[in-house]
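Peer 1: need a structure here:
(2 chains)
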There are 2 protein chains.
Amino acid sequence: MRPNITDPRPTALWLIGCLVAIAIAVAAETPPVPYPDGFRSWMVVKSMVVGPAHDSFANRGGLHHYYANDKAVAGYRTGTFPDGSILVDEAVVMKEGEGRATGLLLEGERRFLDVMVKDAERYRITGGWGYEHFDRADQTGRLTEAERGTCSACHAKAPADHVFSHIRP
Amino acid sequence: MRPNITDPRPTALWLIGCLVAIAIAVAAETPPVPYPDGFRSWMVVKSMVVGPAHDSFANRGGLHHYYANDKAVAGYRTGTFPDGSILVDEAVVMKEGEGRATGLLLEGERRFLDVMVKDAERYRITGGWGYEHFDRADQTGRLTEAERGTCSACHAKAPADHVFSHIRP
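Peer 2: Down below sits the predicted model:
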C-alpha cells in the first residue's frame, strides 16, 4: 500500500519525534574528552603503587603517576581549578628486575590513562569535569555514559573542586 | 728572636709555598653543585622501586623518580647533554596504606636527592658532570672528593655522555 502523500501529519509527527529523540540524546551525552597529548612532560603531582593486596588490583594494579598541566598545578595551589585544567592518572605495569637488577621493581608497558578535564560549561552535567579512560596506547576513550556518571558521583565527594589528590612537596 | 727583615728570601719562599698549596687544592677540588630548585616541576624521565631484596636497599631503598630539566630532556633526545643540563634522582620513603588504603604503597618523606649537573669546563676533572647528594630537606651537599670520583668513574661507563637512563615513552 502506498503512503498517503497528501496528508502531511504523519511526516510532521515523525519529524517532531526525531527532534525530541535528538534533543534527549544531546542532553544526556557528555562531550568527549581528548587524549592528553604531551602529558609525560607535565608535573608529577604524586605517585603510588596499587599492590596485589588492594581490592582494585585486578583492574588498576601497577605504578600510578598523577600528572597536572600548568593550569591544574595552579588549581592545586588555589583550591579552584580553572577551565582547561587537565589531570592524568597513568597506570604502568611493574616488572621485577633480573640479574644485577634483582630486587628492583621496574616500569613496563603503560596500562591505561584516566583523564579529568575541567570545563564548567562543557561538562556541566558531570560537575564541571569531563572524565575519560584510555587503554594502553589507544587514543580513543572507552567510558560509557553510566561510567562517566560513576566517576562524577565519586569525585563530587572530594575535598577541593572534585579533586582528591594533593601535590607532594 | 726578631726575623731578619732585610733578607727577602724567607718571605718569598713562604709565598711560593702558599701559591703551590692553593694550586694543588684548586686542582683537586671540584666546584660545588647547587641544590636543584624547582626540580619537582620537571619531567619525570622514569621511576623505579628499590626493594628489600636489592643490595642497595639499606642506603637507597624506596621509590626513585628521575627528573630532567629542559636542557637535559633535549640531551636525552640527541645523546649529548648541553651545559646546564641537570638530572635529579629523588628517593622517597614508601609506606603501606591502612584501612581502605590497605594494599597501596604510598609516598612518605623524601629520603635524598642525587644530582648531576653538566658543565664541560667547570666539572672537567669529573668528566664534565658535577655530582652531589642532598640528604632529606638538607640543601647542602655532602659528597667528599673521593665520593665524587666514584660517581664519575661509574658514570663514565654509561652508554651516552655519562647518563644511564632513558626517557620512558
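
Peer 1: apart from its chain neighbours, what residue comes closest to A:Tyr131?
Peer 2: A:Cys151 (3.9 Å; CB to CB, 6 or more residues apart in numbering or on different chains). From N, CA and C alone the C-beta is placed, and that goes for glycine too.

Peer 1: let's verify the one you found: helix, strand, or coil?
Peer 2: Secondary structure for A:Cys151, judged by DSSP: H, G, I helix; E, B strand; the rest coil, is helix.

Peer 1: what is the burial count for the closest residue to A:Gly79 other than its chain neighbours?
Peer 2: Closest residue to A:Gly79 apart from its sequence neighbours, by CB to CB, 6+ apart: A:Ala160 at 4.7 Å. Applying other CB atoms under 10 Å in any protein chain shown, we find 14 residues neighbouring A:Ala160.

Peer 1: A:Ala160 pairs with what?
Peer 2: A:Val163 (DSSP bridges).

Peer 1: so in chain A, where's the weakest helix or strand by average pLDDT?
Peer 2: In chain A, no helix or strand scores lower on mean pLDDT, DSSP states H and E than helix A:9-28, which sits at a mean of 58.

Peer 1: briefly note if the following helix or strand past that helix comes near chain B.
Peer 2: Downstream of helix A:9-28, the next assigned helix or strand under DSSP states H and E is strand A:43-50. Yes - judged by CB under 8 Å from any CB of the partner chain, strand A:43-50 comes into contact with chain B at A:43-44, A:46-50.

Peer 1: so what are the sheet partners of strand A:43-50 and their directions?
Peer 2: Strand A:43-50 is paired, per DSSP bridges, with strand A:62-68 (antiparallel), strand B:104-118 (antiparallel).

Peer 1: the first one: how far from the chain's middle?
Peer 2: What separates the centre of strand A:62-68 from the centre of its chain is 14 Å, taken as CA atoms, centre = their mean, to the nearest Å.

Peer 1: where does chain A come near chain B, residue by residue?
Peer 2: A:40-41, A:43-44, A:46-55, A:57, A:63, A:65, A:73, A:92, A:94, A:97, A:101-107, A:110, A:167-169.

Peer 1: from these, list the buried ones, please.
Peer 2: Buried members of the residues of chain A next to chain B, counted by 16 or more other CB atoms under 10 Å in any protein chain shown: A:40, A:43-44, A:46-51, A:54, A:63, A:65, A:73, A:92, A:94, A:97, A:103-107, A:110, A:167-168.

Peer 1: contacts only, for A:Ser56.
Peer 2: A:Val50 (CB atoms under 8 Å, 6 or more residues apart in numbering or on different chains).

Peer 1: what about the nearest residue to A:Tyr123 once chain neighbours are set aside, which helix or strand?
Peer 2: Leaving aside its chain neighbours, A:Tyr123 sits nearest to A:Gly130 (4.1 Å; criterion: CB to CB, 6+ apart). If you go by DSSP H and E, A:Gly130 is part of strand A:129-135.
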